[in-house]
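1. how would this look folded up:
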Amino acid sequence: MPTPSLTDLFNDFNRLRVLIIGDVMVDAYVWGRATRLSPEAPVPVVHVARTENRLGGAANVALNVQALGATPLLCAVIGTDAGGDQLLQLLHDSDLPADGIIRSASRPTTVKQRILAQGQQLLRIDSEVETDLDTNESAQLLSAYDDLLARADVVVFEDYDKGVLSEAIITECIARARQRNIPTVVDPKKKNFLAYRHCTLFKPNLKELREGLKLEFGDPVADRAGFEAAVVRLKEELTPEIVLVTLSEYGVFAQQNGQKTYLPAHLRTISDVSGAGDTVISIAALCVALGRPAAFTAALANLGGGLVCEQVGVVPVEKQRLLEEAQEAGLALR
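-> Here you go, the predicted model:
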């Protein structure tokens with residue numbers, strides 16, 4: 001039987017269904033021109049040139065999954081407010097399903113509004129709550145999760161500490177996925193960092209690793225022993241099959257079955273690092289669903305994360321360009 005190629009792998013992405021559960025949000029942008037200070041306070045007056053709303057958080061992971069050819073299944077809670085209406089319209093405009101979206105009158109939709117002038121961000125306004133879901137909201141979320149899980153090949157937990165993913169919900173969702181032998185991949189934040197026990201792949205960045213474990217260590221170049229001791233501690237706490245740590249300018253680290261892989265960052269013209277983590281977790285989820293080893297998963301995710309950093313704003317990865325770069329880099333499937 002011939003060895004599958006990278007093209008075969010990318011074609012296999014098209015048959016996958018990815019359940020993404022977590023915090024969705026609207027990323028709102030106001031671009032304008034600031035030429036004077038306000039007479040009312042020492043702040044610039046911005047003359048608005050244009051505005052734009054984009055999908056953010058777990059919804060941006062859904063966009064990345066879709067861009068890679070797979071089918072995203074989104075599960076989240078939003079408000080019955082204008083922000084929620086905007087988010088549902090954005091999902092519709094992007095041909096993303098909304099059947100796993102629960103609406104609640106007791107909590108607002110997370111909206112992050114950025115005010116920019118002359119290419120610089122002047123202000124960000126966050127409309128949100130960070131409290132856990134109530135009993136009724138949790139029950140509705142788990143019901144929607146069960147319906148989607150029956151169709152899923154892999155589950156992504158996209159945690160932004162906005163309250164959708166509580167420790168109880170995380171534990172229950174991982175247990176239900178394990179019962180069906182469906183792999184789980186996690187993009188964590190600080191609050192629930194140690195709640196993701198028995199997940200398949202756990203992907204923190206360096207800052208999250210330090211804060212989540214409450215450990216102090218240097219970067220993996222200057223303090224490799226300290227960094228690897230933190231990874232050992234992480235594996236003891238959560239017992240994931242794969243640890244994938246994004247290391248910013250130092251690249252990525254992956255470990256599976258005792259095998260450690262360090263990959264340097266690709267030299268690129270960095271325009272914006274926003275959304276790179278969403279791309280990395282999306283690629284990792286598809287590779288895990290197809291049973292690819294950690295070293296290959298890390299290498300492809302590292303390429304994808306670098307690609308989106310070349311573009312301004314939060315944008316999904318370009319599948320064809322990722323394939324071409326992977327072929328040029330000589331990535332081996334084994």
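2. middle-most residue in the protein, spatially?
-> Centroid-nearest residue in the chain: residue 278, 3.2 Å away (criterion: C-alpha atoms, centre = their mean).
3. which residues of this protein fall in helices?
-> Residue ranges of the helices in the chain, as given by DSSP state H, are 6-13, 58-67, 82-93, 135-149, 167-179, 206-213, 224-238, 276-289, 294-309, 319-328.
4. okay if I get those as JSON lines plus distance to residue 250 and mean pLDDT?
-> From N, CA and C alone the C-beta is placed, and that goes for glycine too. Below are these laid out as JSON lines (distance: least, C-beta to C-beta, whole Å; pLDDT from 0 to 100):
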{"stretch": "helix 6-13", "distance to residue 250": "25", "mean pLDDT": "93"}
{"stretch": "helix 58-67", "distance to residue 250": "23", "mean pLDDT": "95"}
{"stretch": "helix 82-93", "distance to residue 250": "34", "mean pLDDT": "97"}
{"stretch": "helix 135-149", "distance to residue 250": "35", "mean pLDDT": "97"}
{"stretch": "helix 167-179", "distance to residue 250": "29", "mean pLDDT": "97"}
{"stretch": "helix 206-213", "distance to residue 250": "8", "mean pLDDT": "94"}
{"stretch": "helix 224-238", "distance to residue 250": "10", "mean pLDDT": "95"}
{"stretch": "helix 276-289", "distance to residue 250": "14", "mean pLDDT": "92"}
{"stretch": "helix 294-309", "distance to residue 250": "11", "mean pLDDT": "85"}
{"stretch": "helix 319-328", "distance to residue 250": "20", "mean pLDDT": "87"}
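5. nearest residue to residue 152 other than its sequence neighbours?
-> Spatial nearest neighbour of residue 152, excluding adjacent residues (C-beta to C-beta, 6 or more residues apart in numbering): residue 19 at 3.8 Å.
6. ignore the last one, residue 289
-> residue 154 (3.9 Å).
7. again with residue 26
-> Leaving aside its sequence neighbours, residue 26 sits nearest to residue 111 (C-beta to C-beta, 6+ apart; 4.6 Å).
8. residues touching the one you found, list them.
-> Contacts for residue 111 (C-beta atoms under 8 Å, 6 or more residues apart in numbering) come out as 25-26, 28, 83, 86, 126-128.
9. For residue 29, see how far away it is.
-> Look at residue 111 and residue 29: by C-beta to C-beta, to the nearest Å, they are 11 Å apart.
10. likewise residue 301?
-> For residue 301, the distance to residue 29 - C-beta to C-beta - is 27 Å.
11. Mind checking which of these two has more residues around it?
-> residue 301 (29 against 17; other C-beta atoms under 10 Å).
12. give the contact list for the more buried one.
-> 244, 252, 279-281, 283-284, 287.
13. and if you look at residue 324?
-> Residues near residue 324 by C-beta under 8 Å, 6+ apart: none.
14. Look up the closest residue to residue 208, ignoring the ones flanking it.
-> Nearest non-adjacent residue to residue 208, counting by C-beta to C-beta, 6+ apart: residue 188, 6.0 Å away.
15. And that neighbour, its phi and psi?
-> phi -90, psi 170 (degrees, to the nearest 10).
16. Same check on the one 4 residues further on?
-> Here the main-chain torsion angles of residue 192 (degrees, to the nearest 10) amount to phi -110, psi 20.
17. That one - how many residues pack around it?
-> Using other C-beta under 10 Å, residue 192 has 20 other residues around it.
18. One more: the one 3 residues further on?
-> Residues within reach of residue 195, counting by other C-beta under 10 Å, total 20.
19. Need the per-residue pLDDT for it.
-> With respect to pLDDT, residue 195 has a value of 97.
20. hang on, isn't it packed against residue 171?
-> Yes - under the criterion of C-beta atoms under 8 Å, residue 195 makes contact with residue 171 at 6.6 Å.
21. The residue nearest to residue 124 when sequence neighbours are not counted and residue 84, how far apart?
-> For residue 124, ignoring the flanking residues on the chain, the nearest one in space by C-beta to C-beta, 6+ apart is residue 114 at 5.1 Å. Separation of residue 114 from residue 84 (C-beta to C-beta): 19 Å.
22. higher neighbour count, those two?
-> Applying other C-beta under 10 Å to residue 114 and residue 84 shows that residue 84 carries more neighbours, namely 23 against 15.
23. so who does that one touch?
-> Counting by C-beta under 8 Å, 6+ apart, residue 84 makes contact with 78, 103, 109.
24. Residue 182: which of those residues is nearest?
-> Set against residue 182, the nearest of the contacts of residue 84 by C-beta to C-beta is residue 78 (24.7 Å).
25. Tell me how far residue 21 lies from residue 9.
-> On the measure of C-beta to C-beta, residue 21 and residue 9 end up 25 Å apart.
26. do the same with residue 140
-> Computed as C-beta to C-beta, the residue 140 to residue 9 distance reads 36 Å.
27. need the contact list for residue 178.
-> Residues near residue 178 by C-beta under 8 Å, 6+ apart: 184, 198.
28. thought residue 49 was touching residue 115?
-> No - between residue 49 and residue 115 there is no contact under C-beta under 8 Å: 11.7 Å.
29. so what's in contact with those two at the same time?
-> In terms of C-beta under 8 Å, 6+ apart, residue 49 and residue 115 are both contacted by the residues residue 32.
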